[in-house]
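Trainee: fold the following.
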Amino acid sequence: MPAKAMRSLFFHPKAPSFSFSSHSSPSRSSISSPTPQRSSSAASNVSETMVDEVLGNGAVVIMKWNPDSSAFGKLTSLFHECKKEAQQFIKCVNDLQRVMHFLVSNDPTSEKLVHAQSLMQVAMKRLQKEFYQIHSMNRAHLDPESVSTRSRSSNAASSTSDDDIDDGEDTDLAGDSISEVEQVSFMAMTDLKSIAECMISSGYAKECVYIYNMIRKSIIDEALYKLGVEKFSSSQINKMDREILELKLKSWLNAVKLSMTTLFNGERILCDHVFAVSKSIRESCFAHIARGAATLLFSFPQVLVAKPKKKYSEENIFRLLDMYTAISELWPEIESIFGFESTATVRSEALNSLVRLGELVRSMLSEFETSVQKDSSKSPVAGGGVHPLTLRVMSYLSLLTDYSNVLADIFIDWTPPEKLPSPEWTDSSVSAESLRMVWFILVLVCKLDEKAKQYKEVSLSYLFLANNLQHVISIVRTSNLQYLLGEEWISKHESKVQQFAANYERLAWGAVLSSLPEIISVEMSSQEARLIFRNFNFSLEETYQKQKLNVVADAKLRDEIKASVTKKIVSVYKEFYDKHKVSVSSVGNAAIYARFTPEDVANYLSNLY
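Mentor: Numbers count the residues shown, from 1 in each chain. Model (predicted):
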């Protein structure tokens, strides 16, 4: 999805209002603030003169931006319009924090301490307001798409360890060749990080985290909803029309890929960056924001597979395999993004979905195998052509092998039947997936053997077997089945096709060949020659009328059978024709007997199948 389209998914020009009450205590998880890194030695370096200077400067800078007493501070965004003053404001707060440590240690009842605390409360209220405004004003630039795109552009990791996070991170992330959108995103992230670090070091971590969690969670939840991810019950799934369910499946597949590569990835990057100062806060925030949405996302396959199996069609297995593939391929991202202990439920939900999808796929494949074994169609295919069961099974298997990577996992515990087609398939080096495909085809071939018995003419049974096995081989050669079954399997079954074709030729055209003498060179009378010509003409026409209704679907096999039949019949007939056409002509009206020239016979046979 283009960046512009993705940003529209998350961006809303109007952000909800938020009240910053100094005496309100927001409901939130208990988050301990890191102990400010201010040692007693640092506090001892503060003099009374410095205290007065810091309090004086703080009063000027902080009160200027007091949203309650200053119209300018109420209407103007500090970080958006006055970047230098924003940096000065943060410095004043940090200095004020150091002075407060000094006063607590030296004179805890000092009026200066009370004044400093009053200034700190005003400063924190201002920073809370700025923290919220930065999110609201830059919502389009702090959407996960912008964050993850900017991160990729600057080669930043999607998740960062404590060792990786240092003061030089902003410089590393900035880069020189990033777009304007990415630059705005970077600046907003930098400001948020600056405010977060200041509030956390000042003991206001809970207030900062509360605002962050409230805004970011709403963004994630809304984005997931717009991607079509909703909470469904099994009963709701069962009542859905097939077309609607198909749309839900496609929507989920799109959502899970986009969520992991952009939505949750971008959110993890943003969270890691803003709260780089504290691992525990990073983990707590990300878990609060993303855990519920991700759990909902990965719970959908489990709700889906709870649907009664009779509701599934054979085609549904491919959509289930798409879902299995999506989770399987995204597993490294799932483990990385949701690597915290507090987000273990997300990993567990995704893994459970994999297990349940795999179980359902195995169950559906077993039912498919049973349906092949129980196929009860009684009418033989006209002309010994390819049976609909063969078409259905081979189309199914060829599509299955497009999922070879995940099928290898799904079939890993499959135990092959005791009787496999040949000893070499018991070799432990053969994959379970290959064995499963071999077994499927063996089940089909056995069923075709049964159906071949439906033909009254044995020759047609052999043509039927040749046609169907040739179709099996053609599908194997033109799909991923060739890699699973191998050349040895293909060669072996091509030989069987040749055997079936040879048996068909012998039984179907044997009468025509037997109408000609075995030894052409033997002398005979013109009367005997006329009788042989007459028998050949009758046998050729009778056999041709029967065989012209038969079909050979595969062009290569059709040409091979026609060439073989033509060669066997025309070569013998030509020798006989050349030797006896003169003796037959000597008795007059030769066309009655030597009706076909060898060329006529060849042309006659070329129209078959």
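
Trainee: tell me where the stretch 151-300 of the chain has helices.
Mentor: 169-174, 180-201, 205-226, 234-239, 242-258, 264-274, 279-305 (DSSP state H, counting those that start in this stretch).

Trainee: of those helices, which is nearest L460?
Mentor: Each of the helices of the stretch 151-300 of the chain has some distance to L460 by CB to CB; the shortest is helix 242-258, at 39.8 Å. Using the backbone N, CA and C atoms, a C-beta is placed for each residue, glycine as well.

Trainee: ok, longest helix in the chain?
Mentor: In the chain, taking DSSP state H as the definition, the longest helix is helix 481-514.

Trainee: how about the strands in the protein?
Mentor: Counting by DSSP state E, the chain has no strands at all.

Trainee: what residue ranges in it score low on pLDDT?
Mentor: 1-46, 70-73, 146, 148-179, 307-312, 416-430, 584-592 (pLDDT under 70).

Trainee: domain parsing for it?
Mentor: 394-501, 515-605 (automatic domain parsing).

Trainee: buried deepest among the ones you listed, which one?
Mentor: domain 394-501 (a mean of 17; mean count of other CB atoms under 10 Å).

Trainee: relative to the whole chain's centre, how far out is that one?
Mentor: Put simply, domain 394-501 sits 27 Å off its chain's centre (CA atoms, centre = their mean, to the nearest Å).

Trainee: just to revisit the earlier point, can you redo the domains of the chain as a markdown table with distance to T109?
Mentor: Output for the domains of the chain, formatted as a markdown table (distance: least, CB to CB, whole Å):
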| stretch | distance to T109 |
| --- | --- |
| domain 394-501 | 69 |
| domain 515-605 | 101 |
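
Trainee: nearest to F286, out of these?
Mentor: Per CB to CB, nearest to F286 of the domains of the chain: domain 394-501, 28.9 Å.

Trainee: thought G385 was touching N467?
Mentor: Yes. G385 lies in contact with N467 (CB atoms under 8 Å); the separation is 5.8 Å.

Trainee: quick one: common contacting residues for those two?
Mentor: Common contact partners of G385 and N467 (CB atoms under 8 Å, 6 or more residues apart in numbering): V551, A553.

Trainee: is it true that E349 touches F298?
Mentor: Yes. Counting by CB under 8 Å, F298 is a contact partner of E349 at 4.1 Å.

Trainee: comparing these two, which residue is more hemmed in?
Mentor: Higher neighbour count among E349 and F298: F298, with 26 against 22, using other CB atoms under 10 Å.

Trainee: residues contacting the more buried one?
Mentor: V256, I327, V346, E349, A350, S353.

Trainee: contact partners for the first one?
Mentor: In this case it means V256. L297, F298, M323, A326, I327, L330.

Trainee: next up, phi/psi of G228, please.
Mentor: Main-chain torsions, G228, degrees, to the nearest 10: phi 90, psi 10.

Trainee: for it, which non-adjacent residue is closest in space?
Mentor: Spatially, and ignoring its direct neighbours in sequence, G228 is nearest to S251 (3.5 Å; CB to CB, 6 or more residues apart in numbering).

Trainee: was I right about T76 contacting E85?
Mentor: No. T76 lies out of contact with E85 (CB under 8 Å); the separation is 9.8 Å.

Trainee: in this structure G266 contacts P144, no?
Mentor: Yes. Between G266 and P144 there is a contact under CB under 8 Å: 2.6 Å.

Trainee: who's in contact with the residue nearest to D413 when sequence neighbours are not counted?
Mentor: With sequence-adjacent residues excluded and distances taken as CB to CB, 6+ apart, D413 is closest to A432, at 7.5 Å. Residues in contact with A432, defined by CB under 8 Å, 6+ apart, are A408, F411, I412, D413, W414, P416.

Trainee: and the fourth one, how far from S348?
Mentor: In this view, D413 and S348 are 21 Å apart by CB to CB, to the nearest Å.
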